[in-house]
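Structure of the sequence below:
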Amino acid sequence: MAKERSSAGGDFEGLKKTILILVSHYLPGFKAGGPIRSIAALVEKLDDEFECKIICGDRDLGDKQSLAGEPVGRWYRYGSASVLRIPPGLAGAWMVVRALRQESYDVLYLNGLFERAYAMLPLMCRKARLLPQKPTVLAPRGQLSPGALSLKRKEKSLYIKLSRWLDFYRKIIWHASTSLEEADIRRVMGNLPAIDGAGIQSTNSGEYERGNSGAIAIAKNMHLTSQRAAEPKRRKRAGQLRSVFVSRISPMKNLLGALRMLEGLAGDVSFDIYGPAEDLEYWGKCKKAISMLPPNVRVNYMGMIEHERVGEVFGGHDLFLFPTLSENYGHVICEALSAGCPVLISDQTPWRSLESQGAGWDVPLEDTERFRAILQQCIDAEEEWYDALVARAAAYGNMAASDPVIIEENRNLFRYAASQAQMVPPPTV
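Numbering: from 1, shown residues only. Coordinates of the predicted model:
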């Protein structure tokens, strides 16, 4: 995305509604994956109607230094958005609160449930009426899925109970990216009234207006595919498979499970791993599993990869192996498909019935033998069968990435949120 820098405190387009977005990481960062791409797509594709202001961290995921060349502690223009990057710690937390109190905006958009500065703190200040009482949209970003909640279960369970008891979620509009995430939100937060995503008309608006617990709207995540230069068509040879894993190395992404699925395969198999080693203890377990694989399976750790190169990497591989524990969207899956790289993934993502689309496979996590059988099928496949699979994967991925219905769902979500401004009482003095 091209950047323009300028002073940026006030509104740029007087007629536009303003969305103030809080997210822990943003462009040009890339290591945090999906949320960065979702917000970037929202900024780009809704720019004709909404002005976006973004408060985010000053560094990429896991980094100890600020992003090079990006101002910290002051508003500036980055692409189509106004951005305020804040440092970690108490100084950054105070910057968040001050910006939330001083900035002009119509809708507050929080991303993630357990980010201290970007969700917990704003919700606490909102409850204490230290902030303007603006309509608030909260996207859990998959953090309420069973797989996500199984990690650090005690801490997350305690916070959810405490935050519900303190009524942090009064009048919140929950942004579910799929019907699966809607079910996750209901399971944890209760049977909230629904807002119809097609027209954003509440199915029980009276309950929402009177109640304390908010409502749920479904709007699928938008996506921006990376650009890649045209390249010679790769050839698939029977008995060979070039597989790849592109994601953060953490228990949630289940690289260890992927490595165990490579055991017992016949043929020449390579498995390239791209992504930051977010959890070093977990990465140690993965390296041990790599050392125990047979000689016909070659595993290469390729390090981190900038988003601009993701399409190129997928274009050079035959299969994306990604048995993730949970994804509320799975931008990397869309990237793989759009690049013509078929996918073999778990059934814990919104990308389902892939085999019927001829674009890949989604398999229950516990069915390791099914994963291995599909891997062996891909190893043994002849070029003609594989070329047809690649063409279907690319067509399906590109269709999903450019679906105008998804753009309209998101547009309607924020139109609806902005329309609730008159229903929110002013803060007490």
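
Using the three-state scheme, assign the nearest residue to Arg248 once chain neighbours are set aside.
Once flanking residues are discounted, Arg248 sits nearest to Glu278: 4.7 Å by Cβ to Cβ, 6 or more residues apart in numbering. Where you see a C-beta, it was placed from the backbone N, CA and C, and this is true even at glycine. Put simply, Glu278 is coil when judged by DSSP: H, G, I helix; E, B strand; the rest coil.

And Ile160, by the same measure?
State at Ile160, reduced to three classes by three-state DSSP: helix.

what's the burial count for it?
Look at Ile160: counted by other Cβ atoms under 10 Å, it has 18 neighbours.

Name the helix or strand of the protein that has the lowest mean pLDDT.
helix 205-210 (a mean of 46; mean pLDDT, DSSP states H and E).

Just checking: what are the partner strands of the helix or strand that comes right after that one?
As assigned by DSSP states H and E, the chain's next helix or strand after helix 205-210 is strand 215-218. Strand pairing for strand 215-218, using DSSP bridges, gives strand 173-176 (parallel), strand 194-196 (parallel).

From the contact counts, what lies against the helix or strand that the first one is followed by?
This means strand 173-176. Next along the chain after strand 173-176, taking DSSP H and E as the criterion, comes helix 179-189. If you count contacts as 3 or more Cβ pairs under 8 Å, 6 or more residues apart in numbering; DSSP states H and E, helix 179-189 packs onto strand 173-176, strand 215-218.

so of the ones you listed, which one's packed in deepest?
strand 173-176 (a mean of 25; mean count of other Cβ atoms under 10 Å).

just for this protein, where's the confidence low?
For the chain, the stretches with pLDDT under 70 are 1-14, 197-213, 224-234, 422-429.

how does it divide into domains?
By the assignment in automatic domain parsing, the chain contains the domains 17-223+404-423, 240-401.

Distance from the chain centre to the first one, please.
The reference is to domain 17-223+404-423. Relative to the chain's own centre, domain 17-223+404-423 is displaced by 12 Å; criterion: Cα atoms, centre = their mean, to the nearest Å.

oh, and call the first residue 30 from now on, that's how I've got it
All set: I'll call the first residue 30, so the last point we hit is now domain 46-252+433-452.

ranges for the helices of the stretch 280-429 of the chain?
284-290, 309-320, 339-344, 360-367, 383-386, 397-409, 412-430 (DSSP state H, counting those that start in this stretch).

any chance of those helices in a markdown table, with distance to Gln449 too?
Below are the helices of the stretch 280-429 of the chain laid out as a markdown table (distance: least, Cβ to Cβ, whole Å):
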| stretch | distance to Gln449 |
| --- | --- |
| helix 284-290 | 42 |
| helix 309-320 | 42 |
| helix 339-344 | 37 |
| helix 360-367 | 29 |
| helix 383-386 | 37 |
| helix 397-409 | 45 |
| helix 412-430 | 30 |
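
Of these, give the one that comes closest to Ser174.
Distance to Ser174, taken as Cβ to Cβ, is lowest for helix 360-367 among the helices of the stretch 280-429 of the chain, at 15.3 Å.

Run through who's touching that closest one.
The contact list for helix 360-367 (Cβ atoms under 8 Å, 6 or more residues apart in numbering) reads 62-63, 66-67, 250, 252, 254-255, 275-276, 339-340, 343, 349, 351, 356, 371-372, 374, 378, 380, 388-389, 422-423, 425-427, 429-430.

Nothing else from me, thank you.
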